[in-house]
Every structure is written in C-alpha cells, then in structure tokens.
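> got a sequence here, can you model it:
(chains A and B)
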Amino acid sequence: MELSVEKRNDVAIVAAGGRLDAGGAPEFETRCKALLQEGAKRLLLDLAKVDYVSSAGLRSLLVLAKAVKSAGGAMALCSLAPAVRDVMTISGFDNILPLAADRAAALDLLK
Amino acid sequence: MKLANWYRRQTVRRKIFIPFFAITLFSSTIFTVYGFIQNTLAIERGIDKRLLIAAYTLPKLLSADYFDRVRDPTSISPDEHWNNTRRLEFFLNKVGGTYLYALHQESNRYYFIASAATDTMYWAEYTNPAPNIFEVQKTWNVNISTTPDPDYGLLRSVVMGYKDSGGRRFIIGADIRASEVEALKRRAFLNFFLMGFASFLLAVVFSYVASCSITQPLIRLSNFTRRLVEGEFSNAIRLDPSLFPDGNQTKAETAILAFDFDRMQANLAEHIEQLKLTQSARERAESELRIAGQIQETFLPGPFDPAEFGGGVQLQAIMKTAKQAGGDLFDYFALDDAHLFFAIGDVSGKGMPAAMFMSAAVVLLRSAAKQWRDPAEILRRVNDDLAIRNESCTFVTLFIGCLDVRTGEVVFANGGHNLPRRIAADGAATTLAAKTNMVVGALGGRTFARETLALRPGEALVFYTDGITEAFDAGDRLYGEERLDRCLGALPATASAAEIVRTVVADVAGFVGAREQSDDITMLVLRRAPAGTDIS
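Numbering: from 1, shown residues only, chains lettered A, B, ... in the order given. The predicted structure is shown next:
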C-alpha cells in the first residue's frame, strides 16, 4: 500500500496506490484516522492508483466515513479505476460515499 | 598444499603439538651438532696446546747444560738418562700425552737423547722417522700435524727444532695417539647428544601436557554440546562448574568461553520453555479456530434432497474455506411445500471475527426469513439488527430469494452481493441485471429493493462469492468474471446444478494451480427441472 498525504487549505488529500485489501486496508485506515485526529475535517481520498478494493477495503472506507461524519466533517473519493468503481456500485457504496471523477470535482463536493 | 589440508583437519591438541615438536626437534639437533663441533675444535686446540707446552718444557726439565754435553753414545750416563726419563714420564702423565722425546741427528740418522718412554735407551736409533721430522729438519718451523707413524700408528704430533748454546741442532717432539683424541671426541659427542635428547624430551613432554591442558576444556565443552543436543537442550544438562572456577573474573579464554556458554544455555533453556508455551498457545488458538470452523459448518444446511418439491428443483451448493474459519455463507430451506428460500453471502474480512459475524448473520437471516417471507423486508430487518453497535463496520453482502416451485417466480433482494448469472434453457449465460443495494450490517435504517423474475423450466441461477472471481494464479492474475462467463457458456444446456458447480470449481482449481487459496470459495446453483419432468 502506497500512501502520500497532501494538505490543501483544510482538506487533507490522501493519494493511495496498490491493493486496498486485508493487507493494505489497516495501514490505510490508521493513516487516515490519524489525519482526523490531527484536526482534518475534510478528507479527499484519491484512489487513482488503487487497482483492487476487497471487502476489507470497503469496511475501512465505511469506518472512515462514520468517523468523518461523527467529527462533523466530510469525505469524498475521486479518480476510481473502472474495476474499483464496479465494486462500489455492486456493494451499494456509491449510495453512501460521494464519488467524483477527479480531484477538482471532489473538492467541489467538499465545499 | 596437501600438508596444509592435512594440518587443518587435525585436532587442536595436534595443531599445537606438531609445530612444537618440529621446532623442538630442529633446535635440539642444531644445538647438539653445533655444540659438538665447537667442543671438538676446543678439544683439538687444547690437545695441540698441551703438546706444544710439553715440547717447550722438555729442555727445562733437563739440566741446563744437557744438550751441550750430548756428543756421543757415552756422553750421558745411564743413571742420568733414567732420571731424565722418570722426570719426563711424570710430567707427560700430568700434561697428558703419549710420547715426549728429543732427537739428535747425525749423518741422516736420528738418535733418541731424551724420552719419556722407559724402554728407550740413550742414543737408541729412531730407525723409521715420521715424515714431519724431515719437514722440520728442512724448514726449522714448528710442525703440528696428524701423522701416520710407521711404527707407532696414527699420532697427533708437535715437532720443533732446538739449538744448544753452541748452535747445534736438535729436534723435540711430543705426540698423542689419535685414538685417544677420538675417544675424547666420542665422549663429547655422547654428552652433547644426551643433553640435547634430554632437553628435547623435556620440551616434548611439556608441550604435550600444555596442549592437553589447553584442549581438555574444549573437549569437555564439545562433549557437553553434544549431550545438550541429544538431550534437546534440557535445563537439567548443565556444564561442570569446575570449567569456570572464577566465573568471568579471569583472563583464561577457555574459562570465559565456558562461563558464557553456561549462561547462554540457561537463556536458551528459558527461551525454549517460552517457545513451548507460545507453541502450545498457538496450537490451542489453531484448534479453537478449527473447532469454530466445524461449528460454523453446522450453520450450513445439509445436502439438498432432490426428491423435495417432487424433483422440480435442483439445488447444489459448495463452500471451500481458505482458512479454518471463513466469512462466506449460504443457506436454503423450504418455507412451505411450494416455496424454497435461498441465500448466499460474504462477510468482510477473514478468520475468527468474520466467522462470528457470519454465524450471527445466518441465525438472524433464518429467523427473519421464516417470519417475513419478503426478501427486501428480511434484508432490512437483518441489516438493522447487525448494524446495532457495529463499531468495526463489519458487513456482509447478501443475495437472498424465494422460489415458487409451481410457477417459477423468484422474488429476490440484493444486499451488495456479486451479481448472479442466469443460464437459459438453451445454455446461454447472462448476468442478472439485479438492482444493487447497500451491503448488509454496516449502516442501519436502509431499505432494499424487492425484485422478481420468472425462472423457466431448464433455466438456472448461478450465485457465487468473490472467492471465485478473485482467485489468483501463480502469476498474480485474477480468475475474473470473463473467465467465469466463458466457463458457464461452454457448459451443455443439459448440465444439471451439480454439474455446473463441479465444472466451475474444477476450472478455478485448474487456474489457481499450486498457489494457496486466498479466499473462501462459495457457489450456489438453483435450477428448475426441464419441461417434461414430472411435477406432482
């Protein structure tokens, strides 16, 4: 799991790469939770380089979504690969997580 | 090179002893030979000096005018000659020599005029003079040589000239038998040989004892190590403390080694004990997980009875778990004599947490199905129940439905599960365009769409979990939906539910090869018996 964090105004942008599965999800979840603890209210997850999301990955996204919600913030996902987008659709996650085509669109969603 | 290899293979004791032995042998030999040669030279020089002293002293032992008085055979009385002989003999005995004499030469003949030999008369002729006598006569130099005397054998001799007050020439000689010199040399050789041999022997014994005292603790350590290995590192096998009497307060390397070894073994025994505990804990955990897997299996239904519903329905399900306890589930049971309830699902995550969540899901699902019948309502209820205080956000994807065996109507609802395949009576496989809803158990208060389809005779529905489409081969490639569709499309239209399951599972196993199964593989196939089959 490759992770890089960038902060633009009060939006924390996490660019992830690799497989968001039972192996990578815990690290991803811990890192993002740490950002929330540091005070980031708005989380933008750029999944452009994520080629696989398993049920463990979905669970992590769910945990983060709940954490953001309880902190009174907002979260959005962007630049999903077609296969990852399919997973979101099949599992119904597209109904509860805001998905955007690219970063600019996602930043608009977070405004 | 061969010698170096041989030496490398020797014991430490020999490694110390062999060079020591060689050096001692070499130095003892050098010492003996050099000492012997030096001593021999000293003996020879000493003998020559003695002979010179004897020759120089001879005139002083006679009366001052003795040589002046020697003229003819009668000039000296036998008594005086006898007295001279006694004096010379006494002196020669003290100095150490064989012969001491003075010669008078007259018309190329030599006569003894004084001698230490009691059997030599005054003016007795020296009939067969040795060559060095002539040499001195000619050159008048002191001659020191080893000469073979025709009458007296091999001699070491000093011969010199002497002039009386009137300038007349005499010859004085002193001899010692060469055999006596040789005897002295032999004794010297024996002495040196014995001394060298004794020192050699002493050094060898010392080096042997030293090498033993160095290697003996090593041998004991090595024996101890062997016993330790044979005794499986038991704490009961301890090193003899006499190997390190001073603890580590010593400069003796072997004692320090033994001390450290003893401490290491104590640590080792402790670690092994710890390891055994850890291992038994892990074995307990593994066996618990295995038992959990067995308990989990009891939540799954037994084989579908083909005679149920009068043979109008075929149903085949299989679950191959990746770890001892997994998160997949399937279920089916008759709600009444015309309705068959079925479900397939996949819990997020793996292992014990997933297995526990799966158990709860199956139990909730079963009781809800019996109570509500409507799949959408069942999912809504189960979702709300599972979502209560579900902090970990663990969820389950569920596809559930109810088949009316008489009409073929299937009422179903999809909670975020992989879309099933529909195989038409002519064998064509398509993906069922079911609506997708949120997964079950993550968020409470959600609703699920209720849908229906009409399953015609000979048609089948194929349900699966992502353990099939996300099976990896050795090259990290996914099995994928396309491969699944190809496999289903290649099936004959007459394939029964059991044949469909068998074929797909075999195709996945062939794809994965020797790689370890990464996720649970679950499949459920529901097929309406083809038209013409007797439905009572």
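> nearest the middle, which residue of chain A would you pick?
Central residue of chain A (C-alpha atoms, centre = their mean): residue A:45, 3.5 Å from the mean position.
> lowest average confidence, helix or strand, in chain B?
Of all the helices and strands that make up chain B, helix B:253-298 has the lowest average by mean pLDDT, DSSP states H and E, namely a mean of 84.
> just checking, what packs against it?
Packed against helix B:253-298 by the contact rule (3 or more C-beta pairs under 8 Å, 6 or more residues apart in numbering or on different chains; DSSP states H and E) you find helix B:178-230, helix B:351-372. All C-beta spots, glycine's among them, are computed from the backbone N, C-alpha and C.
> re the thing from before, so what's the residue nearest to the centre of chain A up against?
With contact taken as C-beta atoms under 8 Å, 6 or more residues apart in numbering or on different chains, residue A:45 is in contact with A:14, A:16, A:32, A:61, A:64, A:75, A:76, A:77, A:78.
> winner for burial among the helices and strands packed on helix B:253-298?
A comparison of the helices and strands packed on helix B:253-298 by mean neighbour count, using mean count of other C-beta atoms under 10 Å in any protein chain shown, puts helix B:351-372 on top with a mean of 19.
> and that helix, what does it pack onto?
Contact analysis of helix B:351-372 by 3+ C-beta pairs under 8 Å, 6+ apart lists helix B:253-298, strand B:328-334, strand B:339-347, helix B:375-387, strand B:396-404 as its packing neighbours.
> and with 7 Å instead?
On a contact count with 3 or more C-beta pairs under 7 Å, 6 or more residues apart in numbering or on different chains; DSSP states H and E, helix B:351-372 meets helix B:253-298, strand B:328-334, strand B:339-347, helix B:375-387.
> I'd like the mean pLDDT over the third one, please.
Read it as strand B:339-347. Predicted confidence along strand B:339-347 averages 94 (mean pLDDT).
> pretty sure residue B:118 sits in a helix.
No. In this structure, residue B:118 is coil, not part of a helix, as judged by DSSP: H, G, I helix; E, B strand; the rest coil.
> ok, residue 65 - how many residues close by?
I went with chain A, as the question did not name one. Residue crowding around residue A:65 was assessed by other C-beta atoms under 10 Å in any protein chain shown; the count is 21.
> hmm, no, I was thinking of chain B.
Using other C-beta under 10 Å as the criterion, residue B:65 is surrounded by 10 other residues.
> just residue A:70 next, same as before
Here the neighbour count serves as a burial measure; for residue A:70 (other C-beta under 10 Å) it reads 9.
> what's the first helix or strand after the longest helix along chain A?
Taking DSSP state H as the criterion, chain A has its longest helix at helix A:55-70. If you walk from helix A:55-70 toward the C-terminus, the next helix or strand you reach (DSSP states H and E) is strand A:74-78.
> other residues contacting that next one?
A:42-47, A:64-65, A:68, A:97-103, A:105-106, A:109-110 (C-beta atoms under 7 Å, 6 or more residues apart in numbering or on different chains).
> centre of the chain to that strand, how far?
For strand A:74-78, the gap between its own C-alpha mean and the chain's C-alpha mean amounts to 6 Å (C-alpha atoms, centre = their mean, to the nearest Å).
> and the angle from it to helix A:55-70?
Using axes from the mean of the first three to the mean of the last three C-alpha atoms, to 10 degrees, the direction of strand A:74-78 lies 140 degrees away from that of helix A:55-70.
> quick check: mean pLDDT across strand A:74-78?
If you average the pLDDT values across strand A:74-78, you get 92.
> list the buried residues in it.
Going by neighbour count (16 or more other C-beta atoms under 10 Å in any protein chain shown), the buried part of strand A:74-78 is A:74, A:75, A:76, A:77, A:78.
> please apply the same query to stretch B:55-69.
For stretch B:55-69, the neighbour count (16+ other C-beta under 10 Å) marks B:55, B:57, B:58, B:59, B:61, B:62, B:66, B:67 as buried.
> burial count for the residue in the stretch 201-350 of chain B positioned nearest to chain A?
Evaluated by C-beta to the nearest C-beta, the stretch 201-350 of chain B has residue B:348 as its residue closest to chain A, separated by 3.6 Å. Using other C-beta under 10 Å, residue B:348 has 28 neighbouring residues.
> pLDDT score for the residue lying closest to it once chain neighbours are set aside?
Using C-beta to C-beta, 6 or more residues apart in numbering or on different chains and skipping residues adjacent in sequence, the residue nearest residue B:348 is residue A:55, 3.6 Å away. The per-residue pLDDT reported for residue A:55 equals 83.
> residue A:55 and residue B:391: what is the separation?
Using C-beta to C-beta, to the nearest Å, one gets 17 Å for the distance from residue A:55 to residue B:391.
> quick revisit: return the most buried member of the helices and strands packed on helix B:351-372.
Mean neighbour count (mean count of other C-beta under 10 Å) peaks for strand B:339-347 among those, with a mean of 25.
> just checking: what are the partner strands of that one?
For strand B:339-347, the paired strands and their directions (DSSP bridges) read strand B:328-334 (antiparallel), strand B:396-404 (antiparallel).
> about what we covered before: who has more neighbours out of residue A:55 and residue B:391?
Each of residue A:55 and residue B:391 had its neighbours counted (other C-beta under 10 Å), and the higher figure belongs to residue A:55 (29 against 7).
> so that one sits against residue B:346, correct?
Yes. When contacts are counted by C-beta atoms under 7 Å, residue A:55 is listed as touching residue B:346 (6.5 Å).
> need the helices and strands packed on helix B:253-298 in CSV (columns: distance to residue B:420 and mean pLDDT).
Below are the helices and strands packed on helix B:253-298 laid out as CSV (distance: least, C-beta to C-beta, whole Å; pLDDT from 0 to 100):
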stretch, distance to residue B:420, mean pLDDT
helix B:178-230, 60, 87
helix B:351-372, 17, 89
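> as JSON lines, the helices and strands packed on helix B:351-372 with distance to residue B:71 would be great.
Converted to JSON lines, the helices and strands packed on helix B:351-372 look like this (distance: least, C-beta to C-beta, whole Å):
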{"stretch": "helix B:253-298", "distance to residue B:71": "91"}
{"stretch": "strand B:328-334", "distance to residue B:71": "150"}
{"stretch": "strand B:339-347", "distance to residue B:71": "151"}
{"stretch": "helix B:375-387", "distance to residue B:71": "159"}
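> and of those, who's closest to residue B:162?
helix B:253-298 (76.0 Å; C-beta to C-beta).
> list the buried ones in whatever helix or strand comes next after the closest one?
Moving toward the C-terminus from helix B:253-298, the next helix or strand (DSSP H and E) is strand B:313-320. Neighbour-count burial for strand B:313-320 flags B:313, B:314, B:315, B:316, B:317, B:319, B:320 (criterion: 16+ other C-beta under 10 Å).
> report how many residues lie close to residue B:459.
Burial of residue B:459 is recorded as 19 neighbouring residues (other C-beta under 10 Å).
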